[in-house]
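# pasting a predicted model and its sequence here:
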Amino acid sequence: MLFKTIQLGLLTSLACAAAIPQLPTTEIVSRDLQAAAIILGVATKSGTCDGAQNLSECRTNVQAAQPLIDAFQKYGIYSTAEMAAVTALIAFESGDFKFNINHTPGRAGQGTRNMMMPNFVFKYAKSIPELATKVSAITLATSTAGLSDNILNQIRDLVLPDGYSFASGAWFLVTECASVRSEIQAGTTSGFTAFMKCVGVPDVTQARMDYWTRAVTAFKLN
C-alpha cells in the first residue's frame, strides 16, 4: 500500500481515503479539493458549467474528481504518469468535461468522457458485469457491425453515468493499450504520443499536446 501511495502522489491520497473509511471527514474533503485542483490544472475550463451548450452533460473539476479516482482504483492504475495521460486524454476529448456524447458530426453510439467509438463503447459496456446483461437485452450481436443508430445509442446510454463515463479512459488504457504502458509510465512526450497512437490519433495536434503539457505540470511529473 505504501508503494502505491508513493506512486500515486497527490491524486492517490484521495484513492487511499476512499479505501480507508475511518479517516476523518475533514481529511477526505481536503483530499477531494486537492484532486479537483490537479484536474483543473489539466482541464482549465472545467471550473464551471456556465455557458455549457449541453448543461446535462457538463461536469466541473470538482464533480469529476471522485469518479476519476474511483476509475484509477478500479483498473489498478498506480502510475502518476498514466493518470496524467488518461486525464489529459479525457479532458481533451470531452472539451474539459463539457460533453459526454458526440455532437459533431453527431455519430451514433459515440461517447463517454473518452469519446469512444461505438465498437469500443460496446466492448466496454459488455466488460462491466452489471451492464453486460443490459447489453444482451438490447442486442445479442457480438459486434456493432450492422447495428442501427438507435441500438448503438441505447448501448452508449448504459455507460454515460459518471461512474462509467469517467472510467472509460482508464479501461481503454488497461485493456487496449497494455503494450505501450511502460512508455507512458516514463512520463515523457514520446510516451504520451505512443498512447495517442494507441487510441487512434497518429498525429498529435498542438491543442491536444497542450493538455499533456498541463498534465505534466499538474501531476508534478518534472
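Alright, I've got the coordinates. All values reported here derive from a predicted model rather than from experimental measurement.
# make it CA atoms for all contacts and neighbour counts henceforth
Fine.
# just give the closest residue to the residue most central in space within the chain, not the sequence neighbours.
Centroid-nearest residue in the chain, with C-alpha atoms, centre = their mean: Gly169, separated by 3.7 Å. Nearest-residue entry for Gly169: Asn114, 5.3 Å, with adjacent residues in sequence omitted and distances by C-alpha to C-alpha, 6 or more residues apart in numbering.
# so where's this protein uncertain?
Counting by pLDDT under 70, the chain has low-confidence residues at 1-33.
# cutoff 90 now
1-33, 222 (pLDDT under 90).
# so which residues of it form helices?
Taking DSSP state H as the criterion, the chain carries its helices at 2-19, 25-42, 61-74, 80-93, 118-127, 129-138, 149-158, 162-165, 168-176, 181-185, 189-198, 206-218.
# mind listing residues that contact the fifth one?
Helix 118-127 is touched from outside by 108-111, 131-133, 135, 143-144, 152, 155-156, 158-159, 168, 171, with contacts defined as C-alpha atoms under 8 Å, 6 or more residues apart in numbering.
# what are the buried residues along it?
118, 120-126 (16 or more other C-alpha atoms under 10 Å).
# report the distance from it to the chain centre.
15 Å (C-alpha atoms, centre = their mean, to the nearest Å).
# ok so, going back, dump the buried residues of helix 118-127 into CSV; add distance to Phe192 as well.
Putting these into CSV (distance: C-alpha to C-alpha, whole Å) gives the following:
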residue, distance to Phe192
Pro118, 24
Phe120, 20
Val121, 22
Phe122, 25
Lys123, 24
Tyr124, 22
Ala125, 26
Lys126, 27
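# out of the residues you listed, who's nearest Cys58?
For these, the minimum distance to Cys58 (C-alpha to C-alpha) is 19.5 Å, reached by Val121.
# what about the closest one, distance to Val159?
Val121 is 8 Å from Val159, where distance means C-alpha to C-alpha, to the nearest Å.
# do the same with Thr112
7 Å.
# list residues touching both of these two?
With C-alpha under 8 Å, 6+ apart as the test, Thr112 and Val159 both reach Ser165.
# okay, the two: which has more neighbours?
Thr112 (31 against 24; other C-alpha atoms under 10 Å).
# quick check, that one in contact with Ile101.
Yes: taking contacts as C-alpha atoms under 8 Å, Thr112 lies within contact range of Ile101: 6.1 Å.
# anything in contact with each of these two?
Joint contacts of Thr112 and Ile101 (C-alpha under 8 Å, 6+ apart) do not exist.
# and the gap between the residue nearest to Ser94 when sequence neighbours are not counted and Leu147?
Among residues not flanking Ser94 along the chain, Arg113 sits closest, at 5.2 Å (C-alpha to C-alpha, 6+ apart). Counting by C-alpha to C-alpha, the separation of Arg113 from Leu147 is 22 Å.
# with Thr133 instead?
Taken as C-alpha to C-alpha, the span from Thr133 to Leu147 is 18 Å.
# over to Ala84?
Taking C-alpha to C-alpha, one finds Ala84 at 35 Å from Leu147.
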